[in-house]
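Engineer: Have a look; sequence and predicted model below, questions after that.
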Amino acid sequence: MKALSQVDWKSPNTYVFFGVQVIGVAWLLSLIWRGVAGSLSVENLLLSLFMVFFRYKIGMWFITVWRHRYFAHRSFRLRFEWMENVSAFISSADAQRGVCQWAAEHVWHHRYSDEPEDHHSCKQRGIPWCHWLWVVKEGSDRVVDWSLIPLLGRNMFLRWIENRQWIGIISGGGIFSLVGGLLSIGGYTSFIWNFIFSLCAYFFATTILWHGTFLINSAMHLIGTQRYSTGDESRNSLICAILTLGEGWHNNHHNAYPSLKCVREGRNTRVDRSQLYWQGETTFERCFDWSGISIWILIKLGIFKSL
Ligand SMILES: [Zn+2]
Ligand SMILES: [Zn+2]
């Protein structure tokens, strides 16, 4: 398979990337097996699922609100500057590389959406690549292109934390596993086993968080409806919007942040520049744009500011 030959097999990150997913899936299978064998109590099952769900939703919120709508697009402003640093640190627990590299690669995606320059275009390179493999492509450890995100480059903390993502990743996994261990009933041995079990659950939650995010690059350029002729393959999808806290209104989003080709050809429709933090446009769509709703609420509370 040609795509596999372009994966960076020399980088340890590649093995961590696949290893976490293998352990995560093994955790899910062990949960099912224990359920079928009758050795898993309903309380433990519900607790496990709740913790995974909680980790997924919180992680997705930081990805959509902070990594995407704030760091990549600056679609709202902050009342307190320290929030930028704190959110960058917490976002590092998502294990999706530094917020600056993430933002720069996303800005690049908007600029050349579905053209040969796009890093993750299904149209150009097929589904396995655009959904999954591009993350560990050769050269994926390259330095951040700061010219794409000049405002972020001025923040020295963001530059410092950019290559120290492991601090947030280990902190997030450690807290999650510790909570899982402490919730166990029993002695020291029970704590150790539940700590390990929770760590594997964390790997599973990280796996679905990755694939939830990757859906935007793959499914949202393949399946759904196109309201705007944006010159690329971006689509709107209710199912993806529900899974990703509103990111599924992706064709609206590409219209609001048009590609160079789109601008050249005069395709982009007028959008309300003060409301760029939304991806849903109609009332119905906004009901399923939970990231947009949360930003709107935080603006009303005076914690965020509109443009
Ligand atoms: Zn975007
Ligand atoms: Zn896109």
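Structural biologist: The structure has been received and is ready for your questions. Ligands and ions are numbered 1, 2, ... in the order given.

Engineer: Give me the buried positions along stretch 65-78.
Structural biologist: Neighbour counts over stretch 65-78 (16 or more other CB atoms under 10 Å) mark 65-73, 75-76 as buried. Any C-beta I mention is one placed from the backbone N, CA and C, and that applies to glycine too.

Engineer: Same check on stretch 277-285?
Structural biologist: For stretch 277-285, by 16+ other CB under 10 Å, it's 277-281, 285.

Engineer: can you name the farthest residue from the center of this protein?
Structural biologist: In the chain, counting by CA atoms, centre = their mean, residue 187 sits farthest out from the average C-alpha position, at 37.1 Å.

Engineer: where's that one relative to residue 194, distance?
Structural biologist: For residue 187, the distance to residue 194 equals 11 Å [CB to CB, to the nearest Å].

Engineer: go on, residue 91?
Structural biologist: In terms of CB to CB, residue 91 sits 27 Å off from residue 194.

Engineer: One more: residue 102?
Structural biologist: 32 Å.

Engineer: now swap in residue 145 and tell me
Structural biologist: From residue 145 to residue 194 the distance is 43 Å (CB to CB).

Engineer: One more: residue 306?
Structural biologist: Residue 306 sits 45 Å away from residue 194, taking CB to CB as the criterion.

Engineer: quick one: which of those two has more around it?
Structural biologist: Taking other CB atoms under 10 Å, residue 306 and residue 194 do not tie; residue 194 has more neighbours (24 against 14).

Engineer: Does that one touch residue 184 like I think?
Structural biologist: Yes - if you go by CB atoms under 8 Å, residue 194 and residue 184 touch, sitting 3.7 Å apart.

Engineer: rewinding a little: and the residue farthest from the centre of the chain, what does it touch?
Structural biologist: With contact set as CB atoms under 8 Å, 6 or more residues apart in numbering, residue 187 has no partners.

Engineer: Repeat that for residue 304.
Structural biologist: Residue 304 is in contact with 76-79, 295, 298, counting by CB under 8 Å, 6+ apart.

Engineer: what's the nearest residue to residue 225 once chain neighbours are set aside in contact with, if anything?
Structural biologist: In this structure, residue 225 finds its nearest non-sequential neighbour in residue 236, 5.2 Å apart by CB to CB, 6 or more residues apart in numbering. Contact analysis of residue 236 by CB under 8 Å, 6+ apart lists 224-227, 248-252, 285.

Engineer: Sticking with residue 56, tell me its helix or strand.
Structural biologist: helix 42-61 (DSSP states H and E).

Engineer: Enumerate the positions of that helix that are buried.
Structural biologist: 44, 47-48, 51-52, 55-56, 58-60.

Engineer: Show me where this protein has its strands.
Structural biologist: 77-78, 304-305 (DSSP state E).

Engineer: In its sheet, which strands sit next to the first one, and in what direction?
Structural biologist: Think strand 77-78. According to DSSP bridges, strand 77-78 forms sheet pairs with strand 304-305 (antiparallel).

Engineer: and the strand it pairs with, average pLDDT?
Structural biologist: For strand 304-305, mean pLDDT is 95.

Engineer: Distance from the chain centre to it, please.
Structural biologist: 22 Å (CA atoms, centre = their mean, to the nearest Å).

Engineer: just stretch 158-166 next, same as before
Structural biologist: Using CA atoms, centre = their mean, the offset of stretch 158-166 from its chain centre is 17 Å.

Engineer: Make 13 the first number, not 1, from now on.
Structural biologist: Yes, from this point I'll number from 13; that puts the last item at stretch 170-178.

Engineer: Can you check the distance spanned by that stretch, start to finish?
Structural biologist: Stretch 170-178 has its terminal residues 14 Å apart, counting by CA to CA, to the nearest Å.
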